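Asker: Give me the fold of what follows.
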Amino acid sequence: MPSPKTPLKIGLFVGREWSWPPAFIEEVNRRSDKTGVVAEYMKVGGTLMNEAVEYRVIIDRISHEVPYYRSFLKNAALQGVKVVNDPFMWTADDKFFGASLITKLGLASPRTVVLPNKDYVPGIVPTESLRNLKYPLDWQGLVEAVGGFPLVLKDAHGGGWRDVYVCRSMDELLYHYNRSGLLTMIIQEFIEWQDYARCMGLAQKEVRVMRYDPKARYYAPEHGFSAEMAERLRQETLTICRALGYDMNTCEFAIRDGVPYAIDFMNPAPDMDINSLGRGHFDWMVTKMADTMIALAKSKDATRTRYEWGKQAQKAEKS
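Answerer: Numbers count the residues shown, from 1 in each chain. Next up, the predicted model:
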């Protein structure tokens, strides 16, 4: 009697979140008899160079806080695993590059300026190490470049609304900038919005358009946008996720005078908690993540094929 076929495995890296991960694992495993795909939490501890990885897909929701996981995931990508999200892009992304990129792609974005750091690591001697920096900064010119006050000062690599300040005067801007330490900050045009959307993009094909109130941190059960606006938000979310190579990402749009401005769209460990999303959005996240991750597990898609080093590694394996 033939032995049963070894199932394809989806592994999860997670932090403290408690609602989405077990629901996702249960949903994938409920279908395993038909799909041949199972899901489970991962366990790692010390990784050898070029160590084989038993998972076909790995979903990463915590490596931004645990650097060892990021190193493990890069090795997993080298071995041909589909890592969600791409750890190489996630390491490299920042809000300034993102604003420049989507503007190149024809999407609306607030005017953005990246600033020199306020402080530096020990060993940096300002008069010797920073000879390429202009000093003093033309603060007035930089403020005018984003449309004046009010403006937003934020961490170029931050998330979760940390280190984000609405500044209404030069005094406020300099106060918060002078306390930013080693962070690389950007200033950005303030969009006085009439509507606001947060859109979940999965596997660069599925999008959940949600009306969101960033002040109250509230997701409306139904988005209520016109069909035309909802479709525009869907398409622009897909454009952003495909450009960045993200298979799990939320894109936020501040809508002013009928134009959606993409103001926060590098969220590769997006909110999936039932308490904030509400039941309807949460159930969609569980079901669609199961649909798309199972499909990725059964496909030949791999993170490394986006890169020349990955293509060469794959070629070497076949030779």
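
Asker: what's around Glu228, how many residues?
Answerer: 9 (other Cβ atoms under 10 Å). For every residue, glycine as well, the C-beta is placed using N, CA and C.

Asker: And for Pro22?
Answerer: Pro22 has 14 nearby residues by other Cβ under 10 Å.

Asker: Could you list the buried residues of the lengthiest helix in the chain?
Answerer: In the chain, assigned by DSSP state H, the helix with the most residues is helix 279-298. For helix 279-298, the neighbour count (16 or more other Cβ atoms under 10 Å) marks 281-282, 284-286, 288-294, 296-297 as buried.

Asker: Output these as CSV; include the columns distance to Met272 and pLDDT.
Answerer: As requested, these are exported to CSV (distance: Cβ to Cβ, whole Å; pLDDT from 0 to 100):
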residue, distance to Met272, pLDDT
His281, 9, 98
Phe282, 7, 98
Trp284, 10, 98
Met285, 5, 98
Val286, 8, 98
Lys288, 11, 98
Met289, 8, 98
Ala290, 12, 98
Asp291, 15, 98
Thr292, 13, 98
Met293, 13, 98
Ile294, 17, 98
Leu296, 17, 98
Ala297, 19, 98
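
Asker: Identify, from those residues, the entry nearest to Phe13.
Answerer: Closest approach between the buried residues of helix 279-298 and Phe13, by Cβ to Cβ: Met293, at 13.4 Å.

Asker: Pro136 versus Phe128, what's the distance?
Answerer: No Phe there; residue 128 is Glu. 18 Å (Cβ to Cβ, to the nearest Å).

Asker: hang on, the earlier thing: other SSEs contacting the longest helix of the chain?
Answerer: Under the contact criterion of 3 or more Cβ pairs under 8 Å, 6 or more residues apart in numbering; DSSP states H and E, the helices and strands touching helix 279-298 comprise strand 8-13, helix 20-30, strand 37-41, strand 57-60, strand 82-84, strand 195-202, strand 206-213.

Asker: mind redoing it with 7 Å?
Answerer: Taking 3 or more Cβ pairs under 7 Å, 6 or more residues apart in numbering; DSSP states H and E as contact, the helices and strands that helix 279-298 lies on are strand 8-13, helix 20-30, strand 37-41, strand 57-60, strand 195-202, strand 206-213.

Asker: what about Arg168, how many neighbours?
Answerer: 12.

Asker: can you pull out the strands in the stretch 51-200 of the chain?
Answerer: Taking DSSP state E, counting those that start in this stretch as the criterion, the stretch 51-200 of the chain contains strands spanning 57-60, 82-84, 112-114, 151-155, 164-167, 185-189, 195-202.
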